[in-house]
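In: Fold the stuff below for me.
(chains A and B)
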Amino acid sequence: MKRLTQLMAGLALALGLSGPLLAQDGPLRIEITEGVIEPLPFAVPTFSAENAAAQELAAQLAQVVADDLSGTGLFRQIPRDAFISGVSDFNAPVQYADWKAINAQALVTGAVSVAEGGRVTVKFRLFDVFSEAPLGEGLQLGGTTTSWRRIAHKVADQVYSRITGEGGYFDSRVVFVSETGPKNARQKRLAVMDYDGANVQYLTDSASIVLAPRFSPNGSRVIYTSYETGFPKVYMMDVGTVQRRILEDQPGTMAFAPRFAPDGNTVVFSLEKGGNTDIYRLTPGGAATQLTNSPAIETAPSYAPDGSKIVFESDRSGNQQLYVMGANGGEPTRISFGEGRYGTPVWSPRGDYIAFTKQHQGRFHIGVMRTDGSEERLLTASFLDEGPTWSPNGRVIMFTRVGSGAQGEPALYSVDLTGRNLKRIPTPGPASDPAWSPLLP
Amino acid sequence: MPGNLDTGTIVSGVGHIGLIGWVMIGGWLDWSTPEPVVTNVSMISGEEYAALVANAPTPDGVLNPGEQTPDAPDVPEQAETPEPTAPETPPEQPAPPAPVEQAQPETPPEPDTSPAPEPEVAQETPPPPPTPATDEPRGAALVLDTSKRPKERPANRVAPTPVAPPEPDATVDTEATEAAEALPAEEQVTEAEEQEQAAPEAAASEIVTEAEEEETGGEVVAALAPTGSPRPPKRPARRATSAEVTDAAAEAAAQSASDSSNSGTSSSDSASRPTPSRGGPPMTAGEKDALRVSVQQCWNVGSLSSDALRVTVTVAVSMNENGKPDNASIRMVGSEGGADGAVKQAFEAARRAIIRCGARGFPLPAEKYGEWAEIEMVFNPEKMRIK
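Out: As a prediction, the model looks like this:
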């Protein structure tokens, strides 16, 4: 009887609830749960030159901006010969209909002027064509004629940020190891370049082998491993002056795999003593502090962006896996449990993912996982992929890919966090060990 | 435990009682129909039947009165036997409507597809079932249906995407309203046509801009139009009334001019939007699906940040009677998840979707304008997130 009462009550409740649902009250309501994922078409007309000296720069600036956006894979440039009308005057009203007709969803207009002394001024505006409204306010940037590419990158960063909602990464640099010579007598030296491969500059000569350079959090210094003394040692270099100094020089030891802490002063690295490799921390003016103590090989430390944790690789389980420990050491927690071997973990600057190299069934992968090891996704697969590094906004990963066979050479590649837009970064020759700088000031 | 045993016993008892009752009732039903047959057989004994046969040759009724009285029940029996046969034949004769009846059980998916004839069929469905004949007429009807009209109808009704038909109407209407937006009648009509044809370009701009423009110069739009043209009969008919359209455009232009003179800034779209009246038939699921599909075609989340992909935004929009959104009315009425910046990006992507695909007019039934004059669209990117 009691259950019958409950049943009747349930039915009455169900009927009572369904009544309002059957009758549509208020506006028609629909839910859209599936959209499309495709590059957003945009148009960048040649920037208008406000004086004769700016004529050439105007075209170059616009082209770099367009290349930056197109290179993300998130945007698609509409060729200029498809434009119905151009933008001759930066302050003229936008003819939205013309841009709608060619399906330009975003429009970037700009103007360039070059003053005496080589001072460049660039103004730009971004428009949401279909909304017929500007996206954000116009912005004016200044620089010199020699830094015009950085100005263009900054414009592209602004456009990218306003459309996607996340920070840009175009005005950034990459330090890497440039390789020359035959494989049995390879010469390696440090080099820096723009994120897109332009403006390559060499920081060291080829007298000694260098490995694994890493930028400091503000991009002013580079820390790396060099065999200058015959043994691997950690060096720090000022990028502006190219002055370098050795960091830790304990006789009979090998130091390698250094990386800055988020504070820019503390450094973690691997130190081999008596055949055992552990992770150490070095603070300014202090001695090296041992963070791990295990008979296993533990290396490739990388700080979380808040500096509270360190992820590293270790074979303490008998197989190379990833572990996370506190910034002061302590018992680490294993986070990788998949098949294969995991190495070179790097914490995303956004703190949400850890990128890594995975070797499984004879192939190498670049992958990402959550910081607790969940949601592992492999982004690439090839004969040899290794050494991931994050873009400043945590959206793109650059890494080294080596082709198979005797002719296989290392090269730099980048891939979007989604696994799309895999592409090669142009370098003057074979290149490896990339490390992305933060966004430049 | 005792409680469980009690409930088990109760359930078992109820089940058994129900089973027994079902058997008894079922048996009664089964027995009821053959009863007349049994009585018929029993009533016709051998002697009586022989006597009847012997008397049969005298059809004029010159029989012994004493024998006719026992025969009297036979007459009603004969009157009864034609009755069951009678329902058999009538359903066979109305067989032509019967196939429609059979199609109706399949109609439940049809109302989603929205074409006009289907609801009519749905209204026709009630009449067929009332035929009281028990089992036999149904079997006859089924046989007739399957034999006459095999499987064509169900195939037509399975159509999953019910979008197409309303489009031509929407495009024609939009021309008229856009012409009304600006004053010079003829010039504006041509501009409106260009814009409408430009919208399909937007869907395939990449192909258009690179390949088509070299051939056709600046008039890329016309080359791209074929997507709308393949429906021959209706469009010429509508465009034949272009004179009326221009008249209406002129009137509308005059009205909008007067309106704008009265109230400073008034968009022609919102001005031409009549006050919606509800109370008509509600939107069918198919019509809602058509709207949803047409919006999601333009909802591009590829350029959104991972933060923005965690934001669900609810966007409200006022619709014009021609199926186009009043772009100025697009507003966010709610959001869930994400920081302010991510919410803003998510809303802008949603707004772009409404404006882009709405430029052609959404496939909405004009007679139900009161139902969709105001629409709230919930953009939930849960399925689109990076996984």
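
In: separation between the closest residue to chain B within the stretch 301-441 of chain A and A:S391?
Out: Residue of the stretch 301-441 of chain A nearest chain B, by CB to the nearest CB: A:T418 (5.4 Å). C-beta: built from backbone N, CA, C; applies to glycine. Counting by CB to CB, to the nearest Å, the separation of A:T418 from A:S391 is 13 Å.

In: and those two? which has more neighbours close in?
Out: A:S391 (26 against 17; other CB atoms under 10 Å in any protein chain shown).

In: re earlier: name the helix or strand for the residue of the stretch 301-441 of chain A closest to chain B, please.
Out: For A:T418, there is no helix or strand it lies in under DSSP states H and E.

In: Equivalent analysis for B:V378, please.
Out: strand B:374-379.

In: Give me the residues contacting that strand.
Out: Applying CB atoms under 8 Å, 6 or more residues apart in numbering or on different chains, the external contacts of strand B:374-379 come out as A:26-32, A:35, B:276, B:291, B:295, B:299, B:312-319, B:333, B:346, B:349-350, B:353-354.

In: Narrow the residues you listed to just the buried residues.
Out: A:27-28, A:30, A:32, A:35, B:276, B:291, B:295, B:299, B:312-319, B:346, B:349-350, B:353-354 (16 or more other CB atoms under 10 Å in any protein chain shown).

In: Break chain A down into its domains, please.
Out: Split into domains by automatic domain parsing, chain A comes to A:40-164, A:174-436.

In: Tell me, please, where in the chain the pLDDT is lower than the cut-off.
Out: All of this refers to chain A. A:1-25 (pLDDT under 70).

In: wrong one, I was asking about chain B
Out: The model of chain B has pLDDT under 70 over residues B:1-5, B:23-280, B:386-387.

In: please redo it, this time with the cut-off set to 80
Out: The model of chain B has pLDDT under 80 over residues B:1-8, B:18-19, B:21-281, B:385-387.

In: domain ranges for it?
Out: Split by automatic domain parsing, chain B gives B:13-104+B:125-151, B:184-262, B:285-384.

In: and the stretch 151-300 of chain A, which residues reach chain B?
Out: Contacts of the stretch 151-300 of chain A with chain B, taken as CB under 8 Å from any CB of the partner chain, map to A:I163, A:T164, A:G165, A:E166.

In: filter these to the buried ones?
Out: Buried among these (16+ other CB under 10 Å): A:I163, A:T164, A:G165, A:E166.

In: Can you pull the phi and psi angles for the third one?
Out: The one in question is A:G165. A:G165 has phi and psi values of phi 90, psi 0 when expressed as degrees, to the nearest 10.

In: Identify the residue spatially nearest to it, adjacent ones excluded.
Out: Once flanking residues are discounted, A:G165 sits nearest to B:Q345: 3.4 Å by CB to CB, 6 or more residues apart in numbering or on different chains.

In: Burial check on the one you found, number of neighbours?
Out: 26.

In: Can you say which helix or strand has it in it?
Out: helix B:340-358.

In: Okay, angle between that helix and strand B:374-379 too, please.
Out: Counting by axes from the mean of the first three to the mean of the last three CA atoms, to 10 degrees, helix B:340-358 lies at 120 degrees to strand B:374-379.

In: What are the boundaries of the strands in the stretch 101-250 of chain A?
Out: Applying DSSP state E, counting those that start in this stretch to the stretch 101-250 of chain A gives strands spanning A:106-114, A:119-128, A:133-134, A:139-144, A:173-180, A:187-194, A:201-202, A:210-215, A:221-226, A:233-238, A:244-246.
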